[in-house]
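Trainee: How does the following fold in three dimensions:
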Amino acid sequence: MDSNNAGSSVFSKTVFRSVTVMQIIAMCAAAVIGIAVLCVGGFGGSAIGWLIVAVVIYMIPHFFGVKPKAKAGFALVFAVVAIVVGGAVVGPSFVDNNSRESVSDHGAFSDVGYVYDDSAKTITVDADFDMTGYDGDTIYLCYAKVTLVPFNSSPQIEGLKNIPLDSAHISGSHLQYTLTGSDFDMSELYNLVLAIGKTDGNGNVVYDGDSASIATLTGFTGAGCSSQCYTGAAVVMLYVLFIFFLILVFSTLLRRTISGKRKKMENDGRLYPQGYGRCDKCGALVLPGEIKCRKCGAYIDRPEEMRRKKDDFFQCSACGAEVPGDAQVCPKCGAKFDGVENVVSHIDGKVDVSEESYPCPKCGEMVPKNAVFCPKCGKKF
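Mentor: Now for the predicted structure:
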């Protein structure tokens, strides 16, 4: 018992240790919205609904900065809660609302009624019909076993069977048929519907959907539906979790790939580390290699990891700022650098070195004071 509690405590501390109050509120809101979507219309039984729920329970926590591990843990907790809600509340309510002793008119049938006898375990179907336009066709009482009730959407069925109604069950434009235990297991949940159809060349019955009455479930005959409701909710959540973890895994891998490329660019000196890309004074964008803001002129204090990779900079002896190798004035404190050498390689290979320079009168190029001619335009001095 103690080991189980210890394991649970370690899991909680590992997954949820960095979750804030706002993030908890965001996850609760995502859970409420997700369950609400599953309970609206037929979204609980459709792929679109599963996708919407998966996106909701991923994106809302993501917007509030929930870490991937915490998001995964939240998704599992959400799945458990949703299965309980779907199996214990939403599914049974759907069965009750769609198990009717009388249904509204539809297709070729009117005044449709189902009389249940719980003691005798029978269901008597009673209805009026109009065969206009269906000459030569047959009336069928169709039923199928319900296997899944996915929240508030149409149940999934299997083993569709049909009972052709003949003159023994029809009187004029009225029909009546009593289903018994010999037709199906009264302890199970079934879907019932009246329809008009005919047999094709292969012996299969082809139904006319426009003629069918509104389907009803056998939920209030004492048939248990909890297993179908819980199973339906569990199947839905498997699909939702599959989509959710696809989003989580691919987004995490993409984020890691981008982070790795950014780190490489930072190491190569092509990108500032996060937090160093803007001027501290005016907020203007600062590019790698810039030490002076182009907008306000403020000194850009570059991070140490950027400095190590540059060999064309030196440190100002007055203030310690990083200064380009060809600078004559410190951009931070304004100190002047004396004794800067000017080295010029001439066309003939001769090199002039001087501590002073002056502009070429022809092209304006700065040349050493002892230069014989301008290395750019060739003017002789």
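Trainee: The residue lying closest to residue 22 once chain neighbours are set aside: what's it in contact with?
Mentor: The shortest distance from residue 22 to any non-neighbouring residue, by Cβ to Cβ, 6 or more residues apart in numbering, is to residue 64 (5.9 Å). In short, each C-beta sits where N, CA and C put it, glycine included. Residue 64 is in contact with 20, 22, 23, 26, counting by Cβ atoms under 8 Å, 6 or more residues apart in numbering.
Trainee: among the residues you listed, which one has the lowest pLDDT?
Mentor: Taken together, the contacts of residue 64 show their lowest pLDDT at residue 20, with 88.
Trainee: where exactly do the strands run in the stretch 201-350 of the chain?
Mentor: 205-208, 216-217, 313-315, 322-324, 342-345 (DSSP state E, counting those that start in this stretch).
Trainee: The residue nearest to residue 190 when sequence neighbours are not counted and residue 101, how far apart?
Mentor: Leaving aside its sequence neighbours, residue 190 sits nearest to residue 218 (Cβ to Cβ, 6+ apart; 4.6 Å). Distance, residue 218 to residue 101, using Cβ to Cβ, to the nearest Å: 11 Å.
Trainee: overlap in contacts of those two?
Mentor: Listed as contacting both residue 218 and residue 101 by Cβ under 8 Å, 6+ apart are residue 116.
Trainee: Compare the two (neighbour count), which wins?
Mentor: Neighbour comparison, residue 218 and residue 101: the larger count goes to residue 218, with 23 against 12 (by other Cβ atoms under 10 Å).
Trainee: residues in contact with the more buried one?
Mentor: Residue 218 makes contacts with 99, 116, 123, 186, 189, 190, 192, as judged by Cβ under 8 Å, 6+ apart.
Trainee: Check residue 194 too.
Mentor: Per Cβ under 8 Å, 6+ apart, neighbours of residue 194: 109, 112, 125, 127, 129, 139, 140, 141, 142, 175, 212, 213.
Trainee: Tell me how far residue 119 lies from residue 187.
Mentor: Residue 119 sits at a distance of 14 Å from residue 187 (criterion: Cβ to Cβ).
Trainee: Just the pLDDT at residue 337, thanks.
Mentor: Residue 337 is assigned 64 on the pLDDT scale.
Trainee: any idea how far the closest residue to residue 44 other than its chain neighbours lies from residue 254?
Mentor: Nearest residue to residue 44, sequence neighbours excluded (Cβ to Cβ, 6+ apart): residue 151, at 2.9 Å. According to Cβ to Cβ, residue 151 and residue 254 sit 32 Å apart.
Trainee: Pick out whichever of those two has more residues nearby.
Mentor: Neighbours per residue (other Cβ under 10 Å) separate residue 151 from residue 254, with residue 151 holding more: 28 against 10.
Trainee: Three-state assignment for the more buried one, please.
Mentor: Here residue 151 is coil, with the state taken from DSSP: H, G, I helix; E, B strand; the rest coil.
Trainee: now swap in the one 3 residues further on and tell me
Mentor: The three-state assignment at residue 154 reads coil, by three-state DSSP.
Trainee: Count the residues that sit near it.
Mentor: 17.
Trainee: Offset the numbering so it begins at 372, please.
Mentor: Shifting the count to begin at 372 puts that one at residue 525.
Trainee: hang on, residue 422 packs against residue 617?
Mentor: No: counting by Cβ atoms under 8 Å, residue 422 stays clear of residue 617, with 10.3 Å between them.
Trainee: so when I look at residue 407, I'm seeing a helix, right?
Mentor: Yes: note on residue 407: a helix contains this position according to three-state DSSP.
Trainee: before we move on, the earlier item: any chance of the contacts of residue 565 in a markdown table, plus secondary structure?
Mentor: Below are these laid out as a markdown table (three-state DSSP):
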| residue | secondary structure |
| --- | --- |
| 480 | strand |
| 483 | strand |
| 496 | strand |
| 498 | strand |
| 500 | strand |
| 510 | strand |
| 511 | strand |
| 512 | strand |
| 513 | strand |
| 546 | strand |
| 583 | coil |
| 584 | coil |
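Trainee: Got the domain ranges for this structure?
Mentor: 373-469+600-624, 480-599, 649-700, 712-752 (automatic domain parsing).
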